[in-house]
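Chemist: coords please:
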Amino acid sequence: MEQTNDQWLWFVDNDLVEALARTDVLDDAAEKRPVRSAALVNALALNMEGKTEQALREIREAIDGGEQLPELFWTKAHLEFELKHYENALHDYEKVLESSPNHKAGAYNLALCLEKLRRFEDAAAAFRKAADLNPKVIEARLGLGVCQLHRKLHDEALAAFEEGLQIHPDHEKALYGKAVTLQCLGRTDEAFELYQKLLPAQATDAELLANILALARARGDHEQVRESAEKLLKVQPGARPALEGLAAAAMARGDYKAAIQHNSQLVKGARDSYEGWFNLGVANHKLNRLEQAGQAFSEAIKLRPESGLAYASLGATLQERGEMAEARKAYERGIQLTPENPAALWNLSIVQERVGNIAEAEKHLVKLVELDGERVDAWFRLGYLRLLREDAAGSIEPFRVCVSKRPDWLEALLNLGVAQRRSGDLQAAKAAFTQAASTHPASADALRALTAVAIDEGDYILALDTESKLEHLGETSPELAFNIGILLQRAHLHEDAARLYRRATEEKSDFAEALLNLGHALQALGQEQEARTCWQHAVEAKPELAEMYF
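Modeler: Numbers count the residues shown, from 1 in each chain. Got it, this is the predicted structure:
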């Protein structure tokens with residue numbers, strides 16, 4: 001399953017400072033001052049009626065009319081904050097702090113404005129000042145922690161949340177912030193423990209459930225993924241993280257039908273989900289639903305045209321559908337986007353081979369073994385293709401690599417020997433075939449290959465030995481017996497030669513050349529009459545032998 005990290009952490013992506021803290025914290029002295037402005041009284045009444053804009057106008061008019069009471073600037077900033085006019089609120093909180101540098105609520109709310117404006121570095125400094133001004137209040141430390149999370153300063157964020165927990169050990173927001181931070185730091189077990197502690201009291205909190213789900217996916221706990229996803233769907237039907245989690249869990253347990261169901265539901269509600277389309281393609285491909293897989297991969301490519309993986313996956317689907325030309329285009333585009341894609345290089349080489357482009361297929365395999373020298377299947381295929389185009393010398397190295405990595409690999413040993421034999425290095429070929437026959441004594445192919453080299457070298461002792469083993473395996477042939485017979489006859493071992501020629505003619509009664517040579521061997525043994533009979537049968541089986549003789 002392909003997935004992205006940013007889908008796992010909702011905490012940082014939401015404006016949670018407002019949820020973590022109050023915007024109406026007052027300092028200890030605000031308090032008991034008598035109200036000295038009618039505008040302030042009127043603004044309060046209007047704001048309580050929900051007429052915040054009118055309340056703000058009332059305060060502005062008073063200030064413009066010459067009233068310069070600190071309470072007016074404080075109230076103006078507060079109303080601007082409520083209306084989300086954060087730049088204006090920030091300016092007014094700065095005025096409050098100019099006249100009262102230790103104004104606790106002013107320092108805190110100024111930090112809130114900076115956070116809302118996403119000026120996280122300035123906000124962090126402001127929250128730290130607010131915390132110093134009011135050490136017993138936790139909210140400033142929570143704001144500081146959130147800002148440090150935004151800045152990806154996770155150690156500093158953790159320190160801020162832990163400071164808050166020293167003030168209130170069971171504070172849910174502080175525990176939640178600490179859990180998210182631990183998750184960002186990769187301390188998954190500690191984060192999971194904290195989430196579980198929070199879950200009973202926040203069982204319907206969608207963000208908490210989403211983070212537990214993300215954590216379960218990171219830990220590979222597919223049962224927990226399923227459980228958390230189902231809970232999240234009850235709280236938030238159609239929630240994207242839940243559907244992604246259910247699809248991931250289904251893929252992990254090999255339930256591709258369920259994966260198709262969940263991913264289909266996901267892309268229905270979120271057509272921009274690259275992961276949803278891609279994994280829908282994977283699941284369909286697994287069930288051999290090639291047309292549906294191709295459509296899903298095509299949709300994934302539309303969303304992320306730079307994805308080499310999506311192109312390679314589409315290529316595999318087209319290849320299985322027999323659409324080789326289109327498969328080749330998809331693979332080539334995938335490799336262009338992601339040159340280091342072993343699967344695409346391998347599959348493209350197969351496609352090129354099938355359409356007869358052997359040289360192109362070989363080129364891709366060369367890239368593959370350069371990328372991953374441990375890919376013995378690619379080394380073997382490279383050697384095979386070179387043999388196919390009769391480059392025996394060039395095929396030796398790939399097969400040697402195969403044998404060096406897997407000394408008992410029968411096919412690699414045999415092909416190495418074939419390449420060496422064709423290159424004229426009979427001793428090396430003999431060594432390869434001997435190793436093959438030694439590690440696989442029941443292999444008729446290894447014994448035949450070793451026999452062939454023995455015949456090439458004139459080593460009749462080895463040839464007789466391997467022929468005997470083949471006979472024991474029931475794998476002899478008339479042609480092999482005939483060739484060994486020639487070797488024995490050249491060594492003047494006429495009796496052994498006659499035995500082999502007889503075996504050849506017993507298995508193939510019209511084997512004219514074997515009958516002819518049997519006659520010569522019998523003649524050398526002094527059996528003239530039988531020799532003439534063999535010659536006669538040879539000519540009857542192949543009359544042109546008489547013409548060749550004369």
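Chemist: From now on I want contacts and neighbour counts done on CA atoms only, so please keep to that.
Modeler: Noted.
Chemist: average pLDDT for the helix or strand that Ala514 is a member of?
Modeler: Per DSSP states H and E: Ala514 is located in helix 512-524. Averaging pLDDT along helix 512-524 gives 93.
Chemist: what residues does that helix touch?
Modeler: The set of residues external to helix 512-524 that reach it, using CA atoms under 8 Å, 6 or more residues apart in numbering, is 482, 486, 489, 494-495, 497-498, 501-502, 504-505, 528, 530-535, 537-539, 541-542.
Chemist: Report the rounded mean pLDDT for stretch 65-79.
Modeler: For stretch 65-79, mean pLDDT rounds to 85.
Chemist: mind checking which helix or strand of this structure has the lowest mean pLDDT?
Modeler: Among the helices and strands of the chain, helix 17-20 carries the lowest confidence by mean pLDDT, DSSP states H and E, at a mean of 35.
Chemist: Check which element follows that helix along the chain.
Modeler: Following helix 17-20 in sequence, per DSSP H and E, is helix 38-48.
Chemist: send the alpha carbons of that next one over as CSV?
Modeler: Backbone C-alpha positions of helix 38-48 (Å, rounded to 0.1, in the frame of the first residue of the first chain) are rendered in CSV as follows:
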residue,chain,number,x,y,z
ALA,A,38,-20.1,54.5,28.8
ALA,A,39,-18.8,53.1,25.5
LEU,A,40,-17.4,50.1,27.3
VAL,A,41,-20.8,49.4,29.0
ASN,A,42,-22.6,49.7,25.6
ALA,A,43,-20.1,47.5,23.9
LEU,A,44,-20.5,44.8,26.5
ALA,A,45,-24.2,44.8,26.1
LEU,A,46,-24.0,44.7,22.3
ASN,A,47,-21.4,41.8,22.4
MET,A,48,-23.6,39.8,24.8
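Chemist: Tell me which other helices or strands that helix touches.
Modeler: Judged by 3 or more CA pairs under 8 Å, 6 or more residues apart in numbering; DSSP states H and E, the packing partners of helix 38-48 are helix 52-64.
Chemist: Tell me which residues are up against the helix it packs on.
Modeler: Contacts of helix 52-64 with the rest of the structure, by CA under 8 Å, 6+ apart, involve 39-40, 42-47, 72, 75-76, 79-80, 82-83.
Chemist: Among these, the buried ones, what's the ChimeraX command?
Modeler: Here is the ChimeraX command that selects the buried residues among these (16 or more other CA atoms under 10 Å):
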select :39,40,43,44,46,72,75,76,79,80
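Chemist: For Lys136, state which of the contacts of helix 52-64 is nearest.
Modeler: Thr75 (24.5 Å; CA to CA).
Chemist: From Ala111, how far off is the closest one?
Modeler: For Thr75, the distance to Ala111 (CA to CA, to the nearest Å) stands at 17 Å.
Chemist: where along the stretch 51-200 of the chain do the helices fall?
Modeler: Applying DSSP state H, counting those that start in this stretch to the stretch 51-200 of the chain gives helices spanning 52-64, 70-82, 86-99, 104-116, 120-133, 139-150, 154-167, 172-184, 188-198.
Chemist: Can you give me the buried ones in the helix or strand just after the last one?
Modeler: Counting by DSSP H and E, the next helix or strand C-terminal to helix 188-198 is helix 206-219. If you call a residue buried by 16+ other CA under 10 Å, then helix 206-219 has these buried ones: 206-218.
Chemist: will you turn these into JSON lines that also has distance to Val366?
Modeler: Formatted as JSON lines, those follow (distance: CA to CA, whole Å):
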{"residue": "Ala206", "distance to Val366": "51"}
{"residue": "Glu207", "distance to Val366": "49"}
{"residue": "Leu208", "distance to Val366": "50"}
{"residue": "Leu209", "distance to Val366": "48"}
{"residue": "Ala210", "distance to Val366": "45"}
{"residue": "Asn211", "distance to Val366": "45"}
{"residue": "Ile212", "distance to Val366": "45"}
{"residue": "Leu213", "distance to Val366": "43"}
{"residue": "Ala214", "distance to Val366": "40"}
{"residue": "Leu215", "distance to Val366": "41"}
{"residue": "Ala216", "distance to Val366": "41"}
{"residue": "Arg217", "distance to Val366": "37"}
{"residue": "Ala218", "distance to Val366": "36"}
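Chemist: With pLDDT added, can I get the residues you listed in CSV?
Modeler: CSV is the format used below for those (pLDDT from 0 to 100):
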residue, pLDDT
Ala206, 87
Glu207, 87
Leu208, 87
Leu209, 88
Ala210, 88
Asn211, 88
Ile212, 87
Leu213, 87
Ala214, 87
Leu215, 85
Ala216, 86
Arg217, 86
Ala218, 82
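Chemist: which of the residues you listed lies closest to Met324?
Modeler: When the buried residues of helix 206-219 are compared for distance to Met324 (CA to CA), Arg217 wins out at 36.9 Å.
Chemist: if I pick the closest one, what's in contact with it?
Modeler: By CA under 8 Å, 6+ apart, the contact list for Arg217 reads 225, 245.
Chemist: Check the gap between it and Asp496 for me.
Modeler: 73 Å.
Chemist: what helix or strand does Ser509 sit in?
Modeler: Going by DSSP H and E, Ser509 is not in any helix or strand.
Chemist: ok, now which ones touch it?
Modeler: With CA under 8 Å, 6+ apart as the criterion, no residue contacts Ser509.
Chemist: got it, and Pro543?
Modeler: Neighbours of Pro543 in contact, by CA under 8 Å, 6+ apart: none.
Chemist: Helices along the stretch 401-550 of the chain, start to end?
Modeler: Going by DSSP H, counting those that start in this stretch, the stretch 401-550 of the chain shows helices at 410-422, 426-439, 444-457, 460-473, 478-490, 494-507, 512-524, 528-541, 544-549.
Chemist: closest to Gly164 out of those helices?
Modeler: Proximity to Gly164 (CA to CA) singles out helix 410-422 among the helices of the stretch 401-550 of the chain, at 66.6 Å.
Chemist: average pLDDT across that closest one?
Modeler: 97.
Chemist: How far away from the center of its chain is it?
Modeler: Centre-to-centre, helix 410-422 and its host chain are 35 Å apart (CA atoms, centre = their mean, to the nearest Å).
Chemist: could I get that helix in CSV with only the CA atoms?
Modeler: C-alpha atoms of helix 410-422 as CSV (Å, rounded to 0.1, in the frame of the first residue of the first chain):
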residue,chain,number,x,y,z
LEU,A,410,22.0,-26.2,-12.3
GLU,A,411,20.7,-24.1,-15.1
ALA,A,412,23.4,-21.4,-14.6
LEU,A,413,26.1,-24.1,-14.5
LEU,A,414,24.9,-25.7,-17.7
ASN,A,415,24.6,-22.4,-19.6
LEU,A,416,28.0,-21.3,-18.3
GLY,A,417,29.4,-24.5,-19.7
VAL,A,418,27.6,-24.0,-23.0
ALA,A,419,28.9,-20.5,-23.3
GLN,A,420,32.5,-21.6,-22.6
ARG,A,421,32.2,-24.5,-25.0
ARG,A,422,31.0,-22.3,-27.8
